[in-house]
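Peer 1: Next comes the sequence, and after it the predicted model I'd like to discuss.
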Amino acid sequence: MTDHPLSLHVPEPGCRPGDEPDFSDFEVPKAGAVRRPAIDEAPEKMRDMAFSIVRVLNRKGEAVGPWAGTLSGDELKQGLRDMMTLRHFDDRMLKAQRQGKTSFYAQHLGEEAVACAFRRALEDGDMNFPTYRQAGLLIAGGYPLETMMNQIFSNARDPLEGRQLPIFYSSKDHGFFTISGNLGTQFIQAVGWAMASAISGDTRIAAGWIGDGSTSESDFHAAMVFASTYKAPVVLNVVNNQWAISTFQGMARGNAGTFAARGHGFGIPSIRVDGNDFLAVHAVAKWAAARARAGHGPTLIEHVTYRAGAHSTSDDPAAYRTKHEFDAWPLGDPVARLKAHLVTLGIWSDERHIQADAEILDEVMAAQKKAEACGTMISGPAPSPRSMFERVYAEMPDHLRRQRQEAGY
Amino acid sequence: MTDHPLSLHVPEPGCRPGDEPDFSDFEVPKAGAVRRPAIDEAPEKMRDMAFSIVRVLNRKGEAVGPWAGTLSGDELKQGLRDMMTLRHFDDRMLKAQRQGKTSFYAQHLGEEAVACAFRRALEDGDMNFPTYRQAGLLIAGGYPLETMMNQIFSNARDPLEGRQLPIFYSSKDHGFFTISGNLGTQFIQAVGWAMASAISGDTRIAAGWIGDGSTSESDFHAAMVFASTYKAPVVLNVVNNQWAISTFQGMARGNAGTFAARGHGFGIPSIRVDGNDFLAVHAVAKWAAARARAGHGPTLIEHVTYRAGAHSTSDDPAAYRTKHEFDAWPLGDPVARLKAHLVTLGIWSDERHIQADAEILDEVMAAQKKAEACGTMISGPAPSPRSMFERVYAEMPDHLRRQRQEAGY
Amino acid sequence: MAQMTMIEAIQSAHDVAMDRDERVVVFGEDVGYFGGVFRCTAGLQEKYGSHRCFDAPINESGIVGAAIGMAAYGLKPVVEIQFADYMYPAYDQIVSEAARIRHRSNGDFTCPLVIRMPTGGGIFGGQTHSQSPEALLTHVSGLKVVIPSNPRDAKGLLMAAIDDPDPVIVLEPKRLYNGPFDGHHDRPVVPWKKHALGDVDDGHFSIPLGEAAIYRPGSDLTVLTYGTMVYVAEAAANETGLDVEIMDLRTLLPLDMDAIETSVAKTGRCVIIHEATRTSGFGAELSAVVQETCFYALEAPVTRVCGWDTPYPHAQEWAYFPGPDRVAAAFRAVMEA
Amino acid sequence: MAQMTMIEAIQSAHDVAMDRDERVVVFGEDVGYFGGVFRCTAGLQEKYGSHRCFDAPINESGIVGAAIGMAAYGLKPVVEIQFADYMYPAYDQIVSEAARIRHRSNGDFTCPLVIRMPTGGGIFGGQTHSQSPEALLTHVSGLKVVIPSNPRDAKGLLMAAIDDPDPVIVLEPKRLYNGPFDGHHDRPVVPWKKHALGDVDDGHFSIPLGEAAIYRPGSDLTVLTYGTMVYVAEAAANETGLDVEIMDLRTLLPLDMDAIETSVAKTGRCVIIHEATRTSGFGAELSAVVQETCFYALEAPVTRVCGWDTPYPHAQEWAYFPGPDRVAAAFRAVMEA
Ligand SMILES: Cc1ncc(C[n+]2csc(CCOP(=O)(O)OP(=O)(O)O)c2C)c(N)n1
Ligand SMILES: Cc1ncc(C[n+]2csc(CCOP(=O)(O)OP(=O)(O)O)c2C)c(N)n1
Ligand SMILES: [Mg+2]
Ligand SMILES: [Mg+2]
């Protein structure tokens, strides 16, 4: 054996503050180039899907290839509205946080298409197990902006009565499972929910959500094992937005080519999609949902996108990544791309866009005004401390009743 | 979407008690048929290695193909002795357990080649993180049988002073990490040890061990992620002996073709080997160790074998699997196969085998006699209860000293 | 009524619950075809089908995490962790998820699930088949924690746990599975089949969570204990000849404070016994609340008899186990204080 | 000597330790290039290279598990769990592995590692950025558990932890990172830069594990506390005008029993304060040992002031936090008892 001393390999991103952004080794297949397997194709026959990227919109804004055509013009316009709403919503809430109206916020800038398009591929009754970066599921599902803001402001009308960190929404009716602060835990819960649906002979399916960084968590494995073993009717989404706070995706991905490849160890069909291409996300989500509903089991989707903003209001990315990396990001801006497509289709124009933008901003501001009228974290009124003792259990046990009384509520 | 009701898929083994054992869908490639990649071949170029089985010994007992030739005749004879020793050792200890001399034992019947051959591919100073089913590492490494038995009998000379369950050995000097009762935990520790070696510019490598059932544990994922990210110099061994207590390997493997395939999601070269073929195990282990030492990072090895005995002395497999399944097992008996090879080589014979067998039994019994002279669980003397308070910490804190005094020791 | 071991009583609770309510599903390592390494789920797969009782991959976090998803869906999962010592991989799912879901969603989602786990030592299981981790669960608001000491309670409490709308942990003292055990490991054990508490109703019945039982009334001193230690306390009481009131707490969270206060107010003396390690064990909480609520009634220090603060050893098991001698010594010390 | 915040003091402890001993390696989520979300490892990667200070994948079990392997190899890993609330995924590695390795191998292998984790609330972090899980660690024999309340102790205890031959958990009260905090959230905070305890030696020094400090001597009653609550106790003492002796325990396991006994024997009254939930919290153990060792000296019930038995809420943070009013009320009650 050789006596060559070993050394530790520590992955590093391509560029750090001060460097020129460089995505030259990031391969972007041509729109329309990736095939569309039948939903019952054997997993081992479609391994190629994990190493390319499904894309529908080409540079000219046309929808091309076998994944095109899953949405009508009206649906696409609604999708554009949803993304624009989310962007304004983010913008207003970031400002509100800076004004002290809430303690915390995390935005979706650059990755609006993922959740907005995905939501359109689900049926009512299906259940998402989202992370904090899928508010698009609520917005695209028609959940009231005002209610979201009430939660963010922890005000008197917050449906969670101030218990949860801002943006940790919950809505059973809207198929949005209560968000956990602990990464990864809900991926396996999504599988369990899907198993329950199968046990019950139901037709509803579940969708799990996890970030690139969080795929490292052990519950990712639990989810993959259970989904594979029981062929659970679940769509498992990895949102690869390139960053996990300050840590680039290569730290979690390691020596694997892609996150989608993780599915191969489990015989789970895995597919990468351009997460900034609304049409592609929708088409892939539809395909995966159809697989689940037809009894073909789980699908792993890697949504390739980019976190253009800070991780959250507690973070400043200037310390660890180069500014303007997003400008160099090869998959562009999801809003601009869908807009261009609608213009190409002849059902949208710059003028209508400007007008819609103004309307949406008005709507968001109107919702904010109503929400603020019910209180913010600076002005109150806040939910009563009494509620913190409630619903720890279905029925309040004696020791909590005594503590509540001691607390004076 | 279809309204077809979903149903839960629960994997079932091919046969249960009363059925005829049937391995007809278990593909056994011809000995010598699988290629031998260069140690620096790119992981994505050798995915095929996870779907076949490296085999060296053919039916005639000849060593054939590109993996043959890693051991000399003397080494092979020693290997046979090691396996025969382990088999007698198991047999004596099972009897001792039935006689009440110890509380617990787990045997290796049918899978002796795995650890015995692997040990020969390591250098002194390398570190194994074994499970309870790798006593072959100690035996092939020359660890005294008597000391193993002292541990099993929890007697006055037990190096672990009665603290640990029988067979949970520990020997730093013999590269055998202290065994945990918790499945899977040590796979990631092996990776950490290997990372430490790399950090230190050392040349030593680590080997992790895990059972087929235990690959489901989350720490399997932790190990794979860290090994992949830091290219740790570690050999990760999955011993697929087809059963995890009463649960067949399909429950852990799920929809994946093989356990080796799990490595593909991490870009870790993965290779399946005939675990009942001493020469094949050794050759594959050597290859993986060479990769680690040369800085090419981790390798995942799936050792395909069969747990011919009960899970442990607490288990009776008649309740959940068909008797004589081992007779139908296509990869045969590792001892018989290596013996046949030595006979084919002309360096062994039935007579010498019978003679060696008798000698080995004598050795094992002599060791047992010595160990029993130091006590067994029925006869004592047992280690002092005083020792249970010792080495909880390097220095005994006051509260433990007080408790020890209260206990009267 | 039938004579049952604790194992049979637990099996019967599953059986009755699955029969009454289609939403009850049972899974865990080796619990399906084989019926569990302790046989607590024997026959259920055959009777109810493999979609309602099945084996799970060896991943405790996965088992509990999947059960949480199922509970959120509307099923009532009852899962087994093969030994309580193996609950740690599932600890995040238990603490951060199961226990929190109702509260954090303000009741939008709930988590009615049961996690069973064999607990305690006395079977030469060494440090990873003998632990008693109850204190690591009683610190977690949102959980209920139950521990039966006999077949009747094992069935009644498990049925109540399955009916409960919140997550319940059921710790099963494995040393009691086949018969009561008083710590005299060198004497023969009376099997449940010949014991009054082995007489168990075949059908549905439940024992409310949160209610302690007076296992044996007395006036000299109060013993607060649960599980195996109930019988050890009884042996020590008989051997010291003291008139000991033994309270079998049965539910540790929420705690039956009224019963505790009433007893200690009466006796003025209190001994707490558990097998778990002493420091930060559940006995600490019991000691604290007794002292807080009965300070002026106490005639002697509240005294704990516990496992030592070491891992559970294999060969020195009986030196570790808080047996009748140690308990009797504590009784005497408390009476003399 | 230099004025340091607690963050700078912790960074300095790492720096000095890495400089003195090549075997010290530091890793965790975001701790490498970025220097940690709280900046406690800032500059270390640049100074010592990415093989000695590096980012880790987001897997707490992996971080601790890998550190255990490294410690067994002979290195001295110091790892960060980003928030104590995220230690649960690593709990099995901590409890079943790190804490057990020396004992179960009879000293053949050892596990000298340090796990740092920011703990406690007061930063509007909601239920998953505010927890105080110390009682879940003090129940585990084989661990040492440390919690500093000021920059000097933070550095001295961390250096002692790194030098220790056994696994040490260092809980860092994140509300104290930038300055002492007495619970008066509506008043301005004095930064460490202007505080005597912010005056920290630049070089190597250590504060022995297992030794409590008398933060403030007094004779009316004894406060047993640690971390942020030291300052809350001080505020309540000032506001009630009572002559309160405040003991800053600093190490929770092993506990400085001598200091506790001496103080309670002197004052005859004891109030225990912590932010963690009450039931089975570390206060229970403190209450139990005080009562066991000082029973005859006690003039009033030992009293606990703790976080309520609920998840840590976001908006109701100050109703949850055991602030100076609740503590003052307990002081008065104990004096009047
Ligand atoms: C168990 C756990 N560990 C660590 C954290 C702290 N944390 C919060 S977000 C985050 C990064 C997650 O990155 P990624 O999964 O890529 O999601 P993204 O924020 O990019 O959407 C970390 C480490 C946590 N919340 N939970
Ligand atoms: C964390 C944990 N869960 C469960 C167990 C109980 N248990 C002991 S061995 C075993 C089966 C392991 O099967 P496998 O990994 O295939 O190894 P084999 O026994 O076949 O060598 C189980 C479930 C355990 N020891 N630890
Ligand atoms: Mg990310
Ligand atoms: Mg196995």
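Peer 2: On my side now, so go ahead. Predicted model, so just to flag it, every value in this text is computed and none were measured. Numbering: from 1, shown residues only, chains lettered A, B, ... in the order given. Ligands and ions are numbered 1, 2, ... in the order given.
Peer 1: residues contacting the closest residue to residue C:219 other than its chain neighbours?
Peer 2: Distance criterion Cβ to Cβ, 6 or more residues apart in numbering or on different chains; nearest residue to residue C:219, sequence neighbours excluded, is residue C:243 at 5.1 Å. Glycine gets a C-beta too; all of them are placed from N, C-alpha and C. Remark: with contacts taken as Cβ atoms under 8 Å, 6 or more residues apart in numbering or on different chains, residue C:243 is in contact with C:218, C:219, C:220, C:237.
Peer 1: List just the nearest of those to residue B:27.
Peer 2: residue C:237 (66.0 Å; Cβ to Cβ).
Peer 1: ok, how many other residues are close to that closest one?
Peer 2: 23 (other Cβ atoms under 10 Å in any protein chain shown).
Peer 1: ok, then the element right after the helix or strand hosting it?
Peer 2: Using DSSP states H and E, the element containing residue C:237 is helix C:229-240. Heading C-terminal from helix C:229-240, the first helix or strand you meet, by DSSP H and E, is strand C:244-248.
Peer 1: Who are the packing partners of that next one?
Peer 2: Using 3 or more Cβ pairs under 8 Å, 6 or more residues apart in numbering or on different chains; DSSP states H and E as the contact test, the elements touching strand C:244-248 are strand C:213-216, strand C:221-225, helix C:229-240, helix C:257-267.
Peer 1: what about the very next helix or strand once past that strand, average pLDDT?
Peer 2: Following strand C:244-248 in sequence order, the next helix or strand is strand C:251-253 (DSSP H and E). Per-residue pLDDT values across strand C:251-253 average out to 98.
Peer 1: what's next to strand C:251-253, contact-wise?
Peer 2: In contact with strand C:251-253 (Cβ under 8 Å, 6+ apart) are residues C:134, C:137-138, C:143-147, C:157, C:209-212, C:226, C:282, D:279.
Peer 1: May I ask which two of those are separated the most?
Peer 2: Largest separation among the contacts of strand C:251-253 by Cβ to Cβ: C:157 and D:279, giving 19.7 Å.
Peer 1: So which residue is dead centre in the chain?
Peer 2: With no chain named, the answer covers chain A. For chain A, the residue nearest the mean C-alpha position is residue A:134 (3.6 Å; Cα atoms, centre = their mean).
Peer 1: I was after chain C.
Peer 2: Note: chain C centre (Cα atoms, centre = their mean) maps to residue C:147, 1.8 Å.
Peer 1: re the thing from before, the helix holding residue C:237 vs strand C:244-248, what angle?
Peer 2: Orientation check (axes from the mean of the first three to the mean of the last three Cα atoms, to 10 degrees): helix C:229-240 against strand C:244-248 gives 170 degrees.
Peer 1: backbone phi and psi for the nearest residue to the residue nearest to the centre of chain A once chain neighbours are set aside, please?
Peer 2: Leaving aside its chain neighbours, residue A:134 sits nearest to residue A:115 (4.2 Å; criterion: Cβ to Cβ, 6+ apart). Phi and psi for residue A:115, reported as degrees, to the nearest 10, are phi -70, psi -40.
Peer 1: before we move on, what about residue A:207?
Peer 2: Comment: the main-chain dihedrals of residue A:207 come out as phi -130, psi 130, following degrees, to the nearest 10.
Peer 1: List the contacts of it.
Peer 2: Shown here is residue A:207, whose contacts under the criterion Cβ under 8 Å, 6+ apart are A:118, A:122, A:126, A:127, A:128, A:129, A:190, A:234, A:235, A:236, A:237.
Peer 1: Output the set of residues of the stretch 1-150 of chain C in proximity to chain D.
Peer 2: Applying Cβ under 8 Å from any Cβ of the partner chain, we find that the stretch 1-150 of chain C lies next to chain D at C:85, C:88-89, C:91-92, C:95-96, C:100, C:103-104, C:127-128, C:135-136, C:138-139, C:141-142.
Peer 1: ok, stretch C:40-53 near chain B or not?
Peer 2: Yes - contact between stretch C:40-53 and chain B is present through C:50, C:51 (criterion: Cβ under 8 Å from any Cβ).
Peer 1: Helices of chain A, residue ranges please.
Peer 2: For chain A, applying DSSP state H gives helices covering A:73-98, A:112-120, A:135-140, A:145-152, A:185-199, A:218-230, A:250-253, A:278-293, A:325-328, A:334-345, A:350-373, A:386-389, A:398-407.
Peer 1: Which of those sits closest to residue B:153?
Peer 2: The closest approach between residue B:153 and any of these, judged by Cβ to Cβ, belongs to helix A:218-230 at 37.2 Å.
Peer 1: And the closest one, what does it pack against?
Peer 2: With contacts taken as 3+ Cβ pairs under 8 Å, 6+ apart, helix A:218-230 sits against helix A:185-199, strand A:234-240, helix B:218-230, helix B:250-253, helix C:60-73.
Peer 1: May I see these organised as CSV, with distance to residue C:14, mean pLDDT and mean neighbour count added?
Peer 2: Below are the helices and strands packed on helix A:218-230 laid out as CSV (distance: least, Cβ to Cβ, whole Å; pLDDT from 0 to 100; neighbours: other Cβ atoms under 10 Å in any protein chain shown):
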stretch, distance to residue C:14, mean pLDDT, mean neighbour count
helix A:185-199, 16, 98, 31
strand A:234-240, 27, 98, 29
helix B:218-230, 27, 98, 31
helix B:250-253, 20, 98, 24
helix C:60-73, 14, 98, 30
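Peer 1: In chain A, where is pLDDT below threshold?
Peer 2: Per-residue confidence for chain A (pLDDT under 70) gives these ranges: A:1-3.
Peer 1: Residues of it that sit close to ligand 3?
Peer 2: A:211, A:212, A:213, A:241, A:244 (Cβ under 5 Å from the ion).
Peer 1: In strands, which of those residues appear?
Peer 2: In this view, the residues of chain A next to ligand 3 that belong to strands under DSSP state E are A:211, A:244.
Peer 1: Quick check: of the residues of chain A next to ligand 3, which lies closest to residue B:172?
Peer 2: Within the residues of chain A next to ligand 3, the smallest distance to residue B:172 is 35.7 Å, found for residue A:213 (Cβ to Cβ).
Peer 1: Once you drop chain neighbours, what's closest to the closest one?
Peer 2: Among residues not flanking residue A:213 along the chain, residue A:244 sits closest, at 2.3 Å (Cβ to Cβ, 6+ apart).
Peer 1: just checking, the one you found touches residue A:217?
Peer 2: No - Residue A:244 is not in contact with residue A:217 according to Cβ atoms under 8 Å; the separation is 10.7 Å.
Peer 1: more crowded one of those two?
Peer 2: Between residue A:244 and residue A:217, counted using other Cβ under 10 Å, the more crowded position is residue A:217 (32 against 25).
Peer 1: so how far is residue D:92 from the more buried one?
Peer 2: Counting by Cβ to Cβ, to the nearest Å, the separation of residue A:217 from residue D:92 is 14 Å.
Peer 1: Then residue C:9?
Peer 2: When distances are taken as Cβ to Cβ, residue C:9 and residue D:92 turn out to be 30 Å apart.
Peer 1: cool, residue A:18 as well?
Peer 2: Residue A:18 sits 41 Å away from residue D:92, going by Cβ to Cβ.
Peer 1: Chain C: strands as residue ranges?
Peer 2: Taking DSSP E as the criterion, chain C carries its strands at C:2-3, C:24-28, C:53-55, C:76-80, C:114-119, C:144-146, C:168-173, C:199-200, C:213-216, C:221-225, C:244-248, C:251-253, C:270-277, C:303-307.
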